[in-house]
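Q: need coordinates for the following:
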Amino acid sequence: YQHLPYPEQLKLKEETLKDTLHRLIRKGTFEVLTVIPSPHDRRYRIRAQLKVGMSAGRAVLGFYAWRTHRVVEVQECPLLHPLVNGILEGLRNWMGERSKVPIKGVEIQVSPDEGKGVVSLRIEASCRPKMLEEIGQRISGVKGMIVKGKQKISWGEWTLFYDWPELLGKKRLHIQTSGESFFQVNPYQNWNLMRKVVEWAGLTGQERVLDLFCGSGNLTLPLAQRAWKVWGIDQDPQAIEHAAENARKNNLPNCQFIAASAEEGIKLVLREIDSVDVAVLDPPRSGARGTLDLLASLRPPKILYVSCEQPTLARDLTRLIALGYNVKRIQPLDMFPQTYHIEVIGELTHGGM
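A: Residues are numbered from 1 along each chain as shown. The predicted model follows:
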């Protein structure tokens with residue numbers, strides 16, 4: 001979408017979302033709200049995955065050409081945060097001095113709050129730990145590196161730290177996460193996502209909240225600042241470990257984190273209680289098809305469904321409607337400027353609520 005002025009991108013995304021949900025809109029009484037624009041429409045991405053290929057007999061670092069596996073070399077990407085582009089440049093220079101490199105792919109994630117980042121390399125052959133140390137010490141801003149492939153070796157520190165702004169009158173949260181775990185690529189728009197979820201949850205301090213696909217506590221922690229108790233569930237053990245540490249460091253003892261699939265986690269929660277007041281879920285692009293019936297057994301009066309994939313959102317909302325829920329409102333947020341992707345929050349209430 002880089003050929004369109006940013007306001008036109010927002011209009012197009014809103015229209016596309018309405019087209020995807022048109023059958024549900026026609027049957028229901030909810031509205032799709034105006035898209036919340038990203039605070040930055042470029043230089044916002046703090047995470048990038050790049051490929052390594054060959055061009056004119058030398059290794060190049062970049063992205064696949066459209067619908068091919070041909071790697072197009074990039075000097076820098078206008079969507080990437082300057083810290084990511086700086087590390088990208090350092091890697092390109094390092095590779096350019098070598099006739100052969102064993103690297104097949106690169107993933108970079110940075111923390112603007114730290115001013116540093118971590119690098120993950122995909123290497124199919126064996127790798128010398130000395131190579132990681134050489135790259136890490138040579139490239140400014142790299143605090144840790146890891147190799148994924150036949151072997152797993154690392155250098156430096158692999159944890160990134162973030163400071164979130166004050167949210168609706170509550171104290172700032174200090175967050176840590178692993179460079180291997182999922183984290184929103186646009187931290188500036190992520191703050192708007194957290195704010196809207198907290199607003200719509202409408203917590204008074206008495207509620208029991210379930211947060212599915214919680215990662216390192218992106219939504220769990222701000223919800224826990226306002227709820228009686230929150231359960232966070234994610235199948236990534238490393239993310240759950242960081243989430244528990246984040247709760248401890250931010251003095252939120254009312255969080256309980258479970259390393260399990262969404263289905264297994266719900267069953268464990270059902271052993272403690274028979275219902276929750278609010279359920280929040282932020283599943284991967286494949287959605288939450290196998291989770292919704294079990295979630296409904298917890299009888300949450302309110303569900304907040306966060307999605308970055310419109311077709312699976314429409315599919316899962318249809319199922320929740322069949323389970324007795326009504327879509328109340330849909331809030332799109334532009335988490336991915338210059339692309340066709342968009343983040344969406346759907347609020348659902350049970351029955352006549």
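
Q: going forward, measure contacts between C-alpha atoms and count neighbours the same way
A: OK.

Q: assumed residue 311 was part of a helix.
A: Yes. Assessed with DSSP: H, G, I helix; E, B strand; the rest coil, residue 311 lies in a helix.

Q: give me every residue that touches it.
A: residue 20 (Cα atoms under 8 Å, 6 or more residues apart in numbering).

Q: for stretch 50-58, C-alpha coordinates in PDB please.
A: The C-alpha trace of stretch 50-58 is given here as PDB (Å, rounded to 0.1, in the frame of the first residue of the first chain):
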ATOM      1  CA  LEU A  50      15.000 -11.600   6.300                       C
ATOM      2  CA  LYS A  51      16.300 -14.200   3.800                       C
ATOM      3  CA  VAL A  52      19.800 -14.900   2.500                       C
ATOM      4  CA  GLY A  53      20.300 -15.700  -1.200                       C
ATOM      5  CA  MET A  54      23.000 -15.500  -3.900                       C
ATOM      6  CA  SER A  55      23.300 -12.700  -6.500                       C
ATOM      7  CA  ALA A  56      26.200 -12.400  -9.000                       C
ATOM      8  CA  GLY A  57      28.200 -14.900  -7.000                       C
ATOM      9  CA  ARG A  58      27.800 -13.200  -3.600                       C
END
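
Q: please tell me how far it is from the chain's geometric centre.
A: 29 Å (Cα atoms, centre = their mean, to the nearest Å).

Q: next, the buried residues of that stretch.
A: Neighbour-count burial for stretch 50-58 flags 50, 51, 52, 53 (criterion: 16 or more other Cα atoms under 10 Å).

Q: what packs against the helix or strand where the third one lies?
A: The secondary structure element spanning residue 52 is strand 47-55 (assigned by DSSP states H and E). Using 3 or more Cα pairs under 8 Å, 6 or more residues apart in numbering; DSSP states H and E as the contact criterion, the secondary-structure elements in contact with strand 47-55 are strand 58-64, strand 71-73, strand 103-111.

Q: ok, residues contacting the shortest one?
A: The reference is to strand 71-73. 51, 52, 53, 54, 60, 61, 62, 63, 64, 65.

Q: tell me which residues in the helix or strand of the chain with the lowest mean pLDDT are buried?
A: None of the helices or strands of the chain scores lower by mean pLDDT, DSSP states H and E than helix 22-27, at a mean of 82. By 16+ other Cα under 10 Å, the buried positions in helix 22-27 come out as 24, 25.

Q: can you pull out the helices in the stretch 251-353 of the chain?
A: 262-272, 292-296, 310-322 (DSSP state H, counting those that start in this stretch).

Q: nearest to residue 223, of the ones you listed?
A: helix 262-272 (17.4 Å; Cα to Cα).

Q: that closest one packs against which elements?
A: strand 229-234, helix 292-296.

Q: show me what counts as buried in stretch 328-341.
A: Buried residues in stretch 328-341 (16+ other Cα under 10 Å): 328, 329, 330, 331, 332, 333, 334, 335, 336, 337, 338, 341.

Q: likewise stretch 167-179?
A: Quick answer for stretch 167-179 (16+ other Cα under 10 Å): 167, 173, 175, 176, 177, 178, 179.

Q: TSV please, covering those and showing secondary structure and pLDDT.
A: Listed next are the buried residues of stretch 167-179 as TSV, based on DSSP: H, G, I helix; E, B strand; the rest coil; pLDDT from 0 to 100:
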residue	secondary structure	pLDDT
167	strand	87
173	coil	96
175	strand	94
176	strand	95
177	strand	94
178	strand	90
179	coil	83
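
Q: what's the closest of the residues you listed to residue 142?
A: The closest of the buried residues of stretch 167-179, once distances to residue 142 are taken by Cα to Cα, is residue 179, at 11.8 Å.
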